[in-house]
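> need the 3D shape of this:
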Amino acid sequence: MHIPDNYLSPSTCAVMGAAMVPVWTVAVKKVKTEMSRVKVPMLGIGAAFSFLLMMFNIPLPGGTTGHAIGGTLLAILLGPYAACISVTVALLIQALLFGDGGILAFGANCFNMAFVLPFLGYFIYKFIKDRVKTEKGEYAGIILGSYLGINAAALCTAIEFGIQPLLFKNAAGQPLYCPYPLSISIPAMTIPHLLVAGVVEVIFTVAVIAFIKKVSPGTIYQSSKQKIKAVYGLIVALICLTPLGLLAAGTAWGEWGGEEIKNVVSGGNTLGFIPEGMKNGFNFKSIMPDYTVSGLPETAAYVLSAVAGVAILLILFKIIGSLKKDKSGDIHE
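Sure, this is the predicted structure:
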């Protein structure tokens, strides 16, 4: 679901980035005024969870791959505004360090995964939980919220892809950016997420929340140091298991490289060309492209990438928390 650069036109990227500005503004204000200094590092834990979940690629129908995101998970644990910040920073680290998601497309990726997913997922969860006041009602909210949240994000991504060939063409009528219209992009993105990725999102969300409810009843940031250690232990376990994400063969739909997209088959036809916007577009060189390190085996590089990403996220929010004046409060409501 990470849109690379040059799949969306610069104007589309600008619109999506502009749409996120008020969201980020409100989210930062909420976190700044309503989350205490002690709680801020929990955003780093949340960002680490999301970052790691997105490294577990799974095979999807059609020969592509996908992954969970954890947006609803973070919204339930930390509140939707904090989740928005956590997923945004995780996406930023992925784009800058690992080339996973575009720099110009950063606003679009955040709109889909840091806004639509956590806010819609949390709204559905809260709507059901407040009306069915039992543990079954809570878990029904978790399941439906996480499932519908990621599928709504996938639909938004598909629409952003699909409008490109309608709006941006060269003199010969060829698409300049993503070459696949809505009739292809919507089923290609939504069906695999409805069938597989949404289910995986639910499994991860339920499993992590059940684990945290067991080791840390209440909210994660009200835990003792001993209980927080159990949460860090889960993060370490996920890091060790990240090589499982390498087992899924194929490229995620809409994330092909220039030469790769030329040979993509859709509807029985090979595309046969590289859109001009992709061929001559923006090119950013990340430090560890695709979670690889020169000279290291693929598995070792993947684990090192997981360690580096998690460490940066935890340290970053720890520093932010240390600079913040102490306040009390909660941003769930």
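> pull the number of nearby residues for residue 322.
10 (other CB atoms under 10 Å). Heads up, the C-betas are built off the backbone N, CA and C, glycines and all.
> is it correct that it falls within a strand?
No - if the criterion is DSSP: H, G, I helix; E, B strand; the rest coil, then residue 322 is helix and not within a strand.
> give me the nearest residue to it, chain neighbours excluded.
Counting by CB to CB, 6 or more residues apart in numbering, residue 322 lies nearest to residue 37, which is 7.5 Å off, once chain neighbours are set aside.
> what is the neighbour count of that neighbour?
Neighbours of residue 37 (other CB under 10 Å): 15.
> distance of it from residue 321?
Going from residue 37 to residue 321 by CB to CB, to the nearest Å gives 5 Å.
> by mean pLDDT, flag the weakest helix or strand of this structure.
strand 265-266 (a mean of 83; mean pLDDT, DSSP states H and E).
> what are the contacting residues of that one?
For strand 265-266, the external contacting residues (CB atoms under 8 Å, 6 or more residues apart in numbering) are 180, 184, 188, 271.
> related to what we said a few turns ago, what helix or strand is the residue nearest to residue 322 located in?
Using DSSP states H and E, residue 37 sits within no helix or strand.
> please verify my assumption that it contacts residue 324.
Yes - counting by CB atoms under 8 Å, residue 324 is a contact partner of residue 37 at 4.5 Å.
> residue ranges of the helices in this protein, please?
Along the chain, counting by DSSP state H, helices occupy 10-34, 41-53, 71-78, 80-98, 106-110, 117-131, 135-162, 164-167, 182-192, 198-215, 225-241, 258-262, 276-279, 298-323.
> between the ones you listed, which gets nearest to residue 175?
helix 164-167 (3.9 Å; CB to CB).
> and the closest one, how far out from the chain middle?
25 Å (CA atoms, centre = their mean, to the nearest Å).
> list the buried ones in it?
164, 165 (16 or more other CB atoms under 10 Å).
> show me what it packs onto, helices and strands only.
Of the remaining helices and strands, none touches helix 164-167 by 3 or more CB pairs under 8 Å, 6 or more residues apart in numbering; DSSP states H and E.
> give me the residues contacting it.
For helix 164-167, the surrounding residues in contact (CB under 8 Å, 6+ apart) are 7, 8, 9, 12, 175, 176, 177, 178, 179, 180, 181, 182.
> ok, of those residues, which come out buried?
By 16+ other CB under 10 Å, these give 7, 8, 9, 12, 175, 176, 177, 178, 179, 180 as buried.
> now do the contacts for residue 19.
With contact set as CB under 8 Å, 6+ apart, residue 19 has these partners: 107, 111.
> for residue 122, give its distance to residue 78.
With CB to CB as the criterion, residue 122 and residue 78 are 10 Å apart.
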